[in-house]
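Student: Provided below for reference: sequence and predicted model.
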Amino acid sequence: MADILILTHIDYCPPAHLARVLQARGCAFEVLRADLGELRGYDLERPRAVAVMGGPMSVNDPLPWIAEEVAALQRFIARDIPIVGHCLGGQLLAKALGAGISRMPYTEAGWQAMQRRVEAADSPWLAHLPEHFSIFQWHGDTFALPAGAQPLLGSRWCDNQAFAWGDKVLALQGHPEMTEELIELWLDDWAHLLDASQPSQQSIAAMCDNLGEKVRALNQVAEGFYAHWLKLAGL
């Protein structure tokens, strides 16, 4: 029986580097497609840690599985188990905690520099991070901060890049889980959705410049988040 549950929402938003981290540590995990109804009937008392991945849909879309997933996340939050959300996953966590999710007037895409929020000075979620770092982004929605949340990160184009709620919930607006292969897949399949004339979006050339080096730095950012998440779960 797996101690870790990973929720996904489409085939091209997999756990990616998170799966590699878990495999390297010998941690058993189960991946369920929430959009295909695979969460329905799952024993919500089972997992000791939960990760929620991304997806192209909006939390505000009238899809029946979104309400089911939000209710499941509310149960996990009530159980006080560690949860980390990536992009759509972060927005789902915000909704589960009573915050709104809204459409931005632009899409934030590419490698975006993060700024630490002053409220985050003592956060253990950020203890591993250097002064300057970037996280890969691709989103047009953004979450508001739930009541009682601790703001952690912001960017030029999105004030709320990350928040902590209590000591076990981390919601991220970006995609620290990316690998080189996944970025290349997105840029190959979804380039037509990008518009480099928009200042909130990098060009594909800029995204791919020194891609291996950028992804290695991103992996270190992600691994710090995941290490703390697993430590909280006792795994």
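Tutor: Cool, the structure landed.
Student: next structured bit after the longest strand along the chain?
Tutor: Longest strand in the chain by number of residues (criterion: DSSP state E): strand 101-113. The C-terminal neighbour of strand 101-113 among helices and strands, as given by DSSP states H and E, is strand 115-116.
Student: how far off centre is that following strand?
Tutor: Centroid separation for strand 115-116 versus its chain: 17 Å, with C-alpha atoms, centre = their mean, to the nearest Å.
Student: partner strands of it and their direction?
Tutor: strand 150-154 (antiparallel) (DSSP bridges).
Student: other residues contacting the partner strand?
Tutor: 114-117, 119-120, 123, 125-126, 135, 145, 160-165, 170 (C-beta atoms under 8 Å, 6 or more residues apart in numbering). Any C-beta I mention is one placed from the backbone N, CA and C, and that applies to glycine too.
Student: state the mean pLDDT of the helix ranked longest in the chain.
Tutor: The residue-count maximum for a helix in the chain (DSSP state H) belongs to helix 211-233. The average of the pLDDT scores along helix 211-233 is 98.
Student: and that helix, what does it pack against?
Tutor: Here helix 211-233 touches helix 17-25, strand 49-52, strand 83-86, strand 134-143, strand 169-172, helix 180-189, going by 3 or more C-beta pairs under 8 Å, 6 or more residues apart in numbering; DSSP states H and E.
Student: turn these into CSV, including mean pLDDT.
Tutor: Listed next are the helices and strands packed on helix 211-233 as CSV, based on pLDDT from 0 to 100:
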stretch, mean pLDDT
helix 17-25, 98
strand 49-52, 98
strand 83-86, 98
strand 134-143, 97
strand 169-172, 98
helix 180-189, 96
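Student: among the ones you listed, which is nearest Val215?
Tutor: Closest of those to Val215 is helix 180-189, at 5.0 Å (criterion: C-beta to C-beta).
Student: tell me the angle that closest one makes with helix 211-233.
Tutor: Orientation of helix 180-189 against helix 211-233 (axes from the mean of the first three to the mean of the last three C-alpha atoms, to 10 degrees) gives an angle of 120 degrees.
Student: buried set for the following helix or strand past helix 180-189?
Tutor: For helix 180-189, the following helix or strand on the C-terminal side (DSSP H and E) is helix 204-208. Of all the residues in helix 204-208, those buried under the rule 16 or more other C-beta atoms under 10 Å are 207-208.
Student: for helix 204-208, name the packing helices and strands.
Tutor: strand 101-113, helix 180-189.
Student: nearest to Ile10, out of those?
Tutor: Relative to Ile10, the nearest member of these by C-beta to C-beta is helix 180-189, separated by 11.6 Å.
Student: so for the helix or strand where Leu92 lies, what gets flagged as buried?
Tutor: Assigned by DSSP H and E, Leu92 falls within helix 88-96. Buried residues in helix 88-96, counted by 16+ other C-beta under 10 Å: 88-96.
Student: Leu235 - how many residues pack around it?
Tutor: 17 (other C-beta atoms under 10 Å).
Student: could you do Ser197 as well?
Tutor: Neighbours of Ser197 (other C-beta under 10 Å): 7.
Student: can you tell me how far it sits from Leu145?
Tutor: Going from Ser197 to Leu145 by C-beta to C-beta, to the nearest Å gives 31 Å.
Student: what of Asp43?
Tutor: 31 Å.
Student: check Gln74 too.
Tutor: In terms of C-beta to C-beta, Gln74 sits 17 Å off from Leu145.
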